[in-house]
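In: Okay, sequence plus prediction incoming.
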Number of protein chains: 2
Amino acid sequence: MTDPTPALLPAPPYYAVVFTSVRTAGDNGYGETAERLLELAAEQPGFLGVDSARGADGLGITVSYWKNEESIAAWRDHAEHAPVRAHGHEHWYASFSLHVAKVERAYGFARPADA
Amino acid sequence: MTDPTPALLPAPPYYAVVFTSVRTAGDNGYGETAERLLELAAEQPGFLGVDSARGADGLGITVSYWKNEESIAAWRDHAEHAPVRAHGHEHWYASFSLHVAKVERAYGFARPADA
């Protein structure tokens, strides 16, 4: 595992898709599929970056960043993604929320590696 | 610890503040202060809800939701919050990013408790 850092992104405006979820018990094929989907998402036109975290209490947040609404819609309807969304709804999540939001302002900070 | 669920929110539009961070080593007073700040944020005018997760790799995401830009600015400049932001920048975070985004669409799902 490489050292994590927040996704490096261009200057706004762009879009954030905030997916917040609580997993059901058991893996049920989740881990492998999630990894595959993340790789696939990163190949899509308009994909800018992604950050993801899941805490010990089971709540996870994945924020993916996209160039515009068109690229979000295209990924939502992607032939390999769409059926997995339905499956996840049924088998993987006790609850989730999804927010599509237009990023208006952003800033960041990274400590020099030798600090 | 209660069962986690994504924050319940009103219909859009409203604002999301996405704070993504990687912690430095050691607590350095972080845990206690973070808990206090979360309680304080929840008391502010325009605060709508918050979701937070930090994974085993050290990357954490906190998404707070606010009624409008004015409520975000007021919390940023709050007398108890502002000095902690500077302290956190210096002591707690190896890197972070902050995104302010206007939520345009949202939906969610919660499985019935007995399902």
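Out: Arrived safely, thanks for sending.
In: When you work out contacts or count neighbours from here on, use the C-alpha atoms and nothing else.
Out: OK.
In: in the strand ranked longest in chain A, what counts as buried?
Out: Identified as the longest strand of chain A according to DSSP state E is strand A:93-110. By 16 or more other CA atoms under 10 Å in any protein chain shown, the buried positions in strand A:93-110 come out as A:93-103, A:106, A:108.
In: Now the two most distant members of the residues you listed.
Out: Spanning the widest gap among those are A:Ala94 and A:Gly108, at 32.7 Å by CA to CA.
In: Quick check: can you name the pairing partners of the longest strand of chain A and their directions?
Out: When pairing is defined by DSSP bridges, strand A:93-110 lines up against strand A:14-23 (antiparallel), strand B:93-110 (antiparallel).
In: nearest to A:Gly88, of these?
Out: Nearest of these (CA to CA): strand A:14-23, 9.6 Å.
In: Tell me which helix or strand comes right after that closest one.
Out: Using DSSP states H and E, the helix or strand that follows strand A:14-23 towards the C-terminus is helix A:30-42.
In: helices or strands next to that following helix in the packing?
Out: The contact analysis (3 or more CA pairs under 8 Å, 6 or more residues apart in numbering or on different chains; DSSP states H and E) places helix A:30-42 against strand A:47-54.
In: hey, C-alpha coordinates of the helix or strand bottoming out on mean pLDDT in chain A in PDB?
Out: Within chain A, no helix or strand scores below helix A:82-91, which has a mean of 88 by mean pLDDT, DSSP states H and E. Output of helix A:82-91 as PDB, limited to C-alpha atoms (Å, rounded to 0.1, in the frame of the first residue of the first chain):
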ATOM      1  CA  ALA A  82     -24.900  -0.100 -14.100                       C
ATOM      2  CA  PRO A  83     -25.600  -3.700 -13.200                       C
ATOM      3  CA  VAL A  84     -23.200  -3.600 -10.300                       C
ATOM      4  CA  ARG A  85     -25.000  -0.600  -8.900                       C
ATOM      5  CA  ALA A  86     -28.200  -2.600  -8.700                       C
ATOM      6  CA  HIS A  87     -26.400  -5.600  -7.200                       C
ATOM      7  CA  GLY A  88     -24.800  -3.400  -4.600                       C
ATOM      8  CA  HIS A  89     -28.100  -1.800  -3.600                       C
ATOM      9  CA  GLU A  90     -29.500  -5.300  -3.000                       C
ATOM     10  CA  HIS A  91     -26.600  -7.100  -1.400                       C
END
